[in-house]
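Chemist: Got a predicted structure plus its sequence, pasted below:
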Amino acid sequence: MARVIHTGDTHLGYRQYHAPERRQDFLDAFRAVVEDAVAEDVDAVVHAGDLYHDRQPGLRDILDTISVLRPLRDADIPFLAVVGNHEGTRDAQWLDLFETLGLAERLDDSPRRVGDTAFYGLDYVPESKRDDLDYEFDGHDAGHAALVSHGLFTPFPHADWDLDVVLSEATVDFDAVLLGDNHAADTAQVGDAWVTYCGSTERASASERDPRGYNVVEFEDDVAIARKGIETREFVFVDVDLGPEDGTAFVQERLREHDLADAVVVVTVEGDGENVTPAEIERFGDEHGALLTRVNDRREVDSETDVEVSFADPDDAVRERVREMGLSEPALDVDATVRDATVADANVRERVEQRAEAVLDGDDGGLDPNGDGDEERTTESSGEANADADDGAQTATMEDFL
């Protein structure tokens, strides 16, 4: 028998809405999972990718991760993980660093046995490179086998990766597939295998309204999957359908109906009504104790084209417009580099020149800032994740956390 926690999409280091409190929230959610693992004495914690939000996490985020993982090592609970699309898939990964420190193990095509279950890993692979995969895995003598991977697989929404192909071509018969990338928890059966997404541990976008948590998976005679919630910062979703004469004051009255203390408040405006001033609504939320307030006005704008404006995610709107322009991949990389808050102004010219030279040399990898051309897969701006990576003095060393 083996009983493991299946988690993923922790997106550590994500300073959502440019709020440092939100970065701490993502870390606290991950810590809650680890604390549960130790308290429940599970056999392993399995992480299905996107440990970090950005492929270049700040030193503070790395040190915080070490401090969270150390109790697992002390409790002799292995942390088994794969690499997600936010972390990139070229060269060495931060996961490899944690492996050298004895804090993690990176799953691959060789079995890692936990109890009577063999665990395998398949890192995120860009869609353009999946035709080259052979899905060859080493054999095992365990009673069960589980594949851990990261991507949008069928039969779930937004899929671009055919799980039937993976399972039919794999050289190992898997009883379970433990997935990351889709932030909504879900479970299905594909052939003889149970397939499940654990969902994200924190809300990485305002569209993620369901409670956050992780899966507990037991391998005994069969595979049993249970859901366990974790406590995260409160999100207050206020959906307002304006009548013809309604406006900012009406929205404020709707906000009075909710407890906004320390919450992330997301106001969505639809219907008719007058113009709504986001700044006034956000100020109203602040005055009533909200951590922050964001307004999404989904009403059509009277212009030559219909435009949806999200005041919560201006960076997303910019990226969407860039995608609509149909730029080449190198051009998209240059655009991302110029707008990347983690790249110092003095280094932008050098990074762009390196990208241009890579294209001329025939290297398609270049300087893709999100790993293998996955810019449009990011849920929020990756640049803001580390905008304050160097805030405050860093006096601790890695040895202090081991």
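Modeler: In hand now; what should we look at?
Chemist: Break down the chain into its helices, ranges please.
Modeler: 20-40, 59-74, 94-100, 163-169, 248-255, 278-287, 314-324, 329-339, 345-360 (DSSP state H).
Chemist: contacting residues for the residue in the chain sticking out farthest from the centre?
Modeler: Taking Cα atoms, centre = their mean, the residue of the chain most remote from its mean C-alpha position is Glu245, at 40.4 Å. With contacts taken as Cβ atoms under 8 Å, 6 or more residues apart in numbering, Glu245 has the following neighbours: Gly273, Glu274. All C-beta atoms are positioned from the backbone trio N, CA, C, and that covers glycine.
Chemist: Asp164 too?
Modeler: Contacts of Asp164 (Cβ under 8 Å, 6+ apart): Thr154, Val190, Gly191.
Chemist: Please apply the same query to Trp161.
Modeler: Glu127, Arg130, Gly151, Leu152, Phe153, Thr154.
Chemist: how much space between it and Arg23?
Modeler: Separation of Trp161 from Arg23 (Cβ to Cβ, to the nearest Å): 30 Å.
Chemist: What of Leu59?
Modeler: 13 Å.
Chemist: Over to Pro57?
Modeler: As judged by Cβ to Cβ, Pro57 and Arg23 stand 11 Å apart.
Chemist: Those two: which has the busier surroundings?
Modeler: A count of neighbours by other Cβ atoms under 10 Å puts Arg23 above the other of Pro57 and Arg23, at 27 against 22.
Chemist: what's the nearest residue to the more buried one if we skip its chain neighbours?
Modeler: Closest residue to Arg23 apart from its sequence neighbours, by Cβ to Cβ, 6 or more residues apart in numbering: Arg15 at 4.5 Å.
Chemist: what's the answer for Gln93, then?
Modeler: Val83 (5.2 Å).
Chemist: who touches the one you found in this structure?
Modeler: Applying Cβ under 8 Å, 6+ apart, the residues near Val83 are Gly49, Thr89, Gln93, Leu95, Arg106, Asp123, Tyr124, His150.
Chemist: again, 10 Å this time
Modeler: 47, 49-51, 55, 89-90, 93-96, 106-107, 121-125, 150, 371 (Cβ atoms under 10 Å, 6 or more residues apart in numbering).
Chemist: In strands only, show me these.
Modeler: Counting by DSSP state E, these place His47, Arg106, Gly121, Leu122, His150 in strands.
Chemist: quick check: domain ranges of the chain?
Modeler: Domain assignment of the chain by automatic domain parsing yields the ranges 2-229, 235-312, 316-379.
Chemist: most packed of these?
Modeler: Ranked by mean neighbour count, the domains of the chain are led by domain 2-229 with a mean of 19 (mean count of other Cβ atoms under 10 Å).
Chemist: can you give me the end-to-end distance of that domain?
Modeler: 21 Å (Cα to Cα, to the nearest Å).
Chemist: Now the phi/psi pair for the residue nearest to Gln93, please.
Modeler: When quoted as degrees, to the nearest 10, the phi and psi of Val83 stand at phi -100, psi 130.
Chemist: hmm, back to that, ok, so of the contacts of Trp161, who is nearest Val177?
Modeler: Proximity of the contacts of Trp161 to Val177 (Cβ to Cβ) peaks at Phe153, which lies at 7.6 Å.
Chemist: distance of the residue lying closest to Gln252 once chain neighbours are set aside from Leu291?
Modeler: With sequence-adjacent residues excluded and distances taken as Cβ to Cβ, 6+ apart, Gln252 is closest to Phe284, at 5.0 Å. Separation of Phe284 from Leu291 (Cβ to Cβ) stands at 14 Å.
Chemist: Now the common contact residues for these two.
Modeler: Residues touching both Phe284 and Leu291 by Cβ under 10 Å, 6+ apart: Leu260, Val265.
Chemist: contacting residues around the residue lying closest to Asn275 once chain neighbours are set aside?
Modeler: Leaving aside its sequence neighbours, Asn275 sits nearest to Gly247 (Cβ to Cβ, 6+ apart; 6.7 Å). Gly247 makes contact with Val269, Gly273, Glu274, Asn275, Val276, Thr277, Glu280, according to Cβ under 10 Å, 6+ apart.
Chemist: Dump the residues you listed into a markdown table; add distance to Arg227 as well.
Modeler: Putting the contacts of Gly247 into a markdown table (distance: Cβ to Cβ, whole Å) gives the following:
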| residue | distance to Arg227 |
| --- | --- |
| Val269 | 33 |
| Gly273 | 39 |
| Glu274 | 43 |
| Asn275 | 42 |
| Val276 | 37 |
| Thr277 | 41 |
| Glu280 | 40 |
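Chemist: Return the subset of those lying in strands.
Modeler: Val269.
Chemist: right, and the pair among the contacts of Gly247 with maximum separation?
Modeler: Every pair of the contacts of Gly247 checked by Cβ to Cβ; the farthest is Gly273 and Glu280, at 14.4 Å.
Chemist: contacting residues around the residue lying closest to Gly229 once chain neighbours are set aside?
Modeler: Using Cβ to Cβ, 6+ apart and skipping the chain neighbours, the partner closest in space to Gly229 is Gly213 (4.1 Å). Going by Cβ under 10 Å, 6+ apart, Gly213 touches 7, 29, 32-33, 36, 185, 198-201, 227-232.
Chemist: 7 Å instead?
Modeler: Neighbouring residues of Gly213 by Cβ atoms under 7 Å, 6 or more residues apart in numbering: Ala185, Gly199, Arg227, Lys228, Gly229, Ile230.
Chemist: likewise Leu291?
Modeler: Per Cβ under 7 Å, 6+ apart, neighbours of Leu291: Ala19, Glu21, Asp262, Ala263, Val264.
Chemist: ok, the third one to Gly229 distance?
Modeler: Spelled out, that is Asp262. 19 Å.
Chemist: can you list the weak-confidence ranges in this structure?
Modeler: 88-91, 300-402 (pLDDT under 70).
Chemist: With adjacent residues omitted, what lies nearest to the spatially most central residue of it?
Modeler: Geometric centre of the chain, nearest residue: Asp9, 3.9 Å, by Cα atoms, centre = their mean. Spatial nearest neighbour of Asp9, excluding adjacent residues (Cβ to Cβ, 6+ apart): Ser200 at 3.8 Å.
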